[in-house]
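A.B. asks: Build me a model from this:
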Amino acid sequence: MSVPPTPPLPIGLRREPFFDDWLLEKTTGLAWELVDPVPMGAGLVFDQPWEGPYCGYLTLLHDGERHLLYYRGRGNLPNTETTCVATSRDGFNWQRPALGMHRFGGSYDNNLLFANSPELTHNFTPFLDTNPAADRFTRFKAVAGEKQGLLAYGSPDGIRWHILQDTPVFTQGIFDSQNVPFWSASEGCYVLYFRVWTGEGYSGFRTIARSTSPDFRHWSEPQRMTFGDAPQEHLYTNATQPYPPAPHLYVALASRFVPGRQWMSQAEALARGVQDGREGDVSDLVFMTSRGGSQYQRQFPQALIRPGTDPSDWVGRSNMAVLGLLELPGNRLGFYRQHGYGTTHNRIELQTLRLDGFARLRAGATPGTALTRPFITAGRQLCLNFATSAAGSVRVEVLSADGTLLPGFAAESTPAIFGDNVHYPVTWAKDRSWSQLTGQAVRLRFTLQEADLFALQQQ
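C.D. replies: Next comes the predicted model:
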């Protein structure tokens, strides 16, 4: 019995980065690879008395002309865990606003949102609610909690918070990590990514599950996430979030934890300010994607960021990504990476990439090709995010769904594309345009030489 052909993909006017294989059917002679982020050094050092070596579970939000950075404050003193917020106009230079809400060390001159409430302060994780039905009093929402379950909070401004109900809204997980909620426009619901274990209780591997909700109060039965063919590993945090230029695609900057793997001796650790035997484990950062549902794709199972040359990063729970991507001038993206968790050098530093630059299709001097799956054309132009060498090029051919070259859309009909552009409109011969194909099922075939291809978009 013959297998019916796969229906063409309805990508519409969405941006499609090449982070996964959803749109790509085949590559020949190309490297498909992660791109190393560029460290910028700017960030925040946790050097205040209410902060310290165990500051963590950070969330970065952008609201109009301000950026908000939420994090757990936790030093070496018992029962002093807090929730803090820093603010910034540009996402680089951070200030601690004097909120005057809680006293610490005899003073109210601090940036504490919450104190003296361990169930709240351990892992408070907010988001800016983009649900069109959200009211102005809960424009910001958050979850927090550990042993009793997750409590839900709302805020009109990200500073003044109120509880949405006195009892937990969700209890079916093991929440001793950063539990990530957001509104998904593509799925039309709230989603929550949280920690579970593969075995009973705290046994097996730390992993990730997901639940959904229409109203942020009533949540579905959890589904454990799958990872395709990737090996089972400890994933300590998930940092799953809509990718801002293409929010139907979620990216996850997950912390991979390797318990029992020790890089430095206890004596070396003590000399470097490592606290409480944290040198007994190591961790790094991996990149995953999802398009909703219960599956992550790990197109690239290796580390996105390795611990590197700083000894303080060879400490368990270091190298975590701050939840939240930063859109930067010059078509750049950024995210913050934590350095030196569990040490006296605890801090975050900025990492940057070009737009769509987490991954690329790359060809060297020998040309290589990439073939897309069939999709429905839309809009008036096809635009590419690409970069070439001075001698390199990108060529684009349009084929029918069955692989037949369309007249006027072959390689010889398309001027060689070269340069560096994040949104370049492709042109063909004078009597051919993308708008002539609207509504048809087509494939694209790219031929790259000394070139990188990052994304495409119809518009």
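A.B. asks: where in the chain is pLDDT low?
C.D. replies: 1-5, 76-78 (pLDDT under 70).
A.B. asks: Residue 234 is in contact with residue 261, isn't it?
C.D. replies: No. With contact defined as C-beta atoms under 8 Å, residue 234 does not reach residue 261; the gap is 10.6 Å. Quick note: C-beta positions are derived from backbone N, CA and C, even for glycine.
A.B. asks: which neighbours do the two share?
C.D. replies: Counting by C-beta atoms under 8 Å, 6 or more residues apart in numbering, residue 234 and residue 261 have no common neighbour.
A.B. asks: quick one, which of the two is more surrounded?
C.D. replies: Neighbours per residue (other C-beta atoms under 10 Å) separate residue 234 from residue 261, with residue 234 holding more: 17 against 12.
A.B. asks: partners of the more buried one in the sheet?
C.D. replies: On the basis of DSSP bridges, residue 234 is bridged to residue 257.
A.B. asks: my read: residue 343 touches residue 276, true?
C.D. replies: No. The pair residue 343 / residue 276 is not scored as a contact, 10.4 Å apart, by C-beta under 8 Å.
A.B. asks: Quick check on the two: which one has the bigger neighbour count.
C.D. replies: Per other C-beta under 10 Å, whichever of residue 343 and residue 276 has more neighbours is residue 343, with 23 against 11.
A.B. asks: For the stretch 1-150 of the chain, which segments count as helices?
C.D. replies: 118-121 (DSSP state H, counting those that start in this stretch).
A.B. asks: Which parts of it are strands?
C.D. replies: Under the criterion DSSP state E, counting those that start in this stretch, the stretch 1-150 of the chain contains strands at 15-17, 24-28, 31-34, 38-45, 56-63, 66-73, 82-88, 112-115, 125-128, 140-144.
A.B. asks: ok, and what's touching the fifth one?
C.D. replies: When you say that, I think you mean strand 56-63. Outside strand 56-63, the residues that touch it by C-beta under 8 Å, 6+ apart are 67-72, 74, 91, 122-128, 140, 158, 177-178, 237, 317, 320, 322-327, 335-336, 338, 341, 348.
A.B. asks: again, only using 7 Å
C.D. replies: 67-72, 123, 125-128, 158, 178, 320, 322-324, 326, 336, 338, 341, 348 (C-beta atoms under 7 Å, 6 or more residues apart in numbering).
A.B. asks: what comes up buried for it?
C.D. replies: 56-62 (16 or more other C-beta atoms under 10 Å).
A.B. asks: C-alpha coordinates for that strand, CSV please?
C.D. replies: Provided in CSV are the C-alpha atoms of strand 56-63 (Å, rounded to 0.1, in the frame of the first residue of the first chain):
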residue,chain,number,x,y,z
GLY,A,56,20.1,32.0,41.2
TYR,A,57,16.9,31.1,39.2
LEU,A,58,17.0,34.4,37.4
THR,A,59,14.4,35.8,35.0
LEU,A,60,14.8,38.7,32.6
LEU,A,61,11.7,40.6,31.4
HIS,A,62,11.3,43.5,29.0
ASP,A,63,8.5,45.9,29.6
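A.B. asks: Please consider this matter closed, and thank you.
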